[in-house]
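> What would the 3D arrangement of this be:
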Amino acid sequence: MKMHAILSAPTAIVTCLFVAGSFFHDAVHADQSKPLKVFVLVGQSNMQGHANVQTLEHVGMDPATAPLLAKVQDAEGRPKVVDDVWISSLSNSGEKHGPLTTGFGANDQKIGPELMFGIAIHELLDEPVLLVKTSWGGKSLHTDFRPPSAGPYVFQSHQIQRFEQQGKDVESIRTEKREATGRYYRLMIEHVRRTLSDIGRVYPDYDSSAGYELAGLVWFQGWNDMVDSGTYPDRDQPGGYAKYSELLGHFIRDVRHDLDAPGLPIVIGVMGVNGPTALYTTQQNRIRGVHQNFRHAMAAPAELPEFQGNVRAVLTEKYWDQELAELRTRDNQIGQKIRTLKKKQKMTRQEESAMRDQLRKDEFTEAEWQILSTGVSNAEYHYLGSAKIMLQIGKGFAEAMAEMQD
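The predicted structure is shown next:
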């Protein structure tokens, strides 16, 4: 990993792809004896983070995760501000920067992996850290984050045939694809370079004489590729996502080249919504193969000989909350029952609400309802919008990253 004291060229940029908690210990304020470690977080909506801060209460309800809550909230339930950890986050609404706290998720009321990643990497390394986060919802690797060395996106014959059958303008589609290809890869690189060209703008205590070190990158993406049957027509077959593995390999090489950081430690956050596929229900059987095939493809680059020792895959399925998911399924069944009844009889909103309340009262114990009502704030594909899940993911990313530090 290269260290830099002066930023004189775009390639002289130190960054770490993934959310890293940045912090300066009090002693470091007086003497930054080591280069500032920089981590960048990159991905789509789950890197943005859709866990509403209201779900933090649920974190404290489980003795296994309660210690994490104490790291992000004070005794009165107010969010802690990690004064010595700083972050610049670029997303759909623009850039936001400041000391690490809640609100650096998809909006000011949400968190993503960055919060606990920053706190944990701070504790594990006991060094100054800056996080550079770039994440946008609904973005693919095959197009939006497509790395330069992968070449242009080439439509397959079955895709062209479908466009023609639908009466679409194929040339117009090709033009749009060319314009979209790699756009968010370039935005990511540009934001990292801009941030590192003026670190003092984001991290007020930065000591330019000590410089900085690009210390790691976390990649947490995948949904838009996983559900794309056009790009991956054999996704239900073993090896059906081989192209994703190939693209991710290109991405790793290109990021290292473009940020002048050969050997940059990379953490791959492997998609894990719905938890381990071995625990999928009968109703989930139809998606079991696709989900597992994609997870294998995401993790595959970490097994390549060229990436040994500096690329690590983290299975986020390990942090899925099975209890919370089962409660959510039961509540969804109540919603389905109401929709079925509405087809048979007219129902006012007040009547529907009253029926829902009664069905929930009959279905859940008080303890179960407390868990469900405080623990969920979004859909399954956003890890239920659960702070309990998201904090554990961030911690897992930090632990994997710390193991690759010199």
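
> what's the host helix or strand of residue 339 in contact with?
Using DSSP states H and E, residue 339 maps to helix 322-344. Helix 322-344 is contacted from outside by 58, 274-275, 279, 281, 347, 352, 355-356, 359-360, 363-364, 368, 371-372, 375-376, 380, 384, 386, 388-389, using CB atoms under 8 Å, 6 or more residues apart in numbering. Backbone N, C-alpha and C define where each C-beta goes, glycine included.

> packing partners for the helix or strand just after that helix?
Using DSSP H and E, the helix or strand that follows helix 322-344 towards the C-terminus is helix 349-363. For helix 349-363, the elements it packs on are helix 322-344, judged by 3 or more CB pairs under 8 Å, 6 or more residues apart in numbering; DSSP states H and E.

> starting at the chain centroid, how far to the helix it packs on?
With CA atoms, centre = their mean, to the nearest Å as the basis, helix 322-344 stands 28 Å off its chain's centre.

> pLDDT of that helix, averaged?
Model confidence over helix 322-344 averages 96 on the pLDDT scale.

> Any buried residues in that helix, and which?
Neighbour-count burial for helix 322-344, with 16 or more other CB atoms under 10 Å as criterion, is recorded at 324-325, 327-328, 331, 334, 338.

> got the angle for that helix vs helix 349-363?
Angle between the axes of helix 322-344 and helix 349-363 is 140 degrees (criterion: axes from the mean of the first three to the mean of the last three CA atoms, to 10 degrees).

> Centre-most residue in this protein?
The structure's the chain has its C-alpha centroid closest to residue 47; by CA atoms, centre = their mean the separation is 2.2 Å.

> That one touches residue 138, doesn't it?
No: in terms of CB atoms under 8 Å, residue 47 does not count as a neighbour of residue 138; the distance is 12.0 Å.

> pLDDT at residue 128, what is it?
Taken from the predicted model, the pLDDT recorded for residue 128 is 87.

> ok, so what distance separates it from residue 258?
24 Å (CB to CB, to the nearest Å).

> Which of these two has more residues huddled nearby?
For residue 128 versus residue 258, the count of surrounding residues by other CB atoms under 10 Å is larger for residue 128: 29 against 20.

> Now do that one against residue 112, distance only.
Relative to residue 112, residue 128 is positioned 22 Å away (criterion: CB to CB).

> can you give me the helices for the stretch 151-300 of the chain?
In the stretch 151-300 of the chain, the helices defined using DSSP state H, counting those that start in this stretch lie at 157-165, 170-180, 183-197, 199-202, 223-226, 242-258, 285-299.
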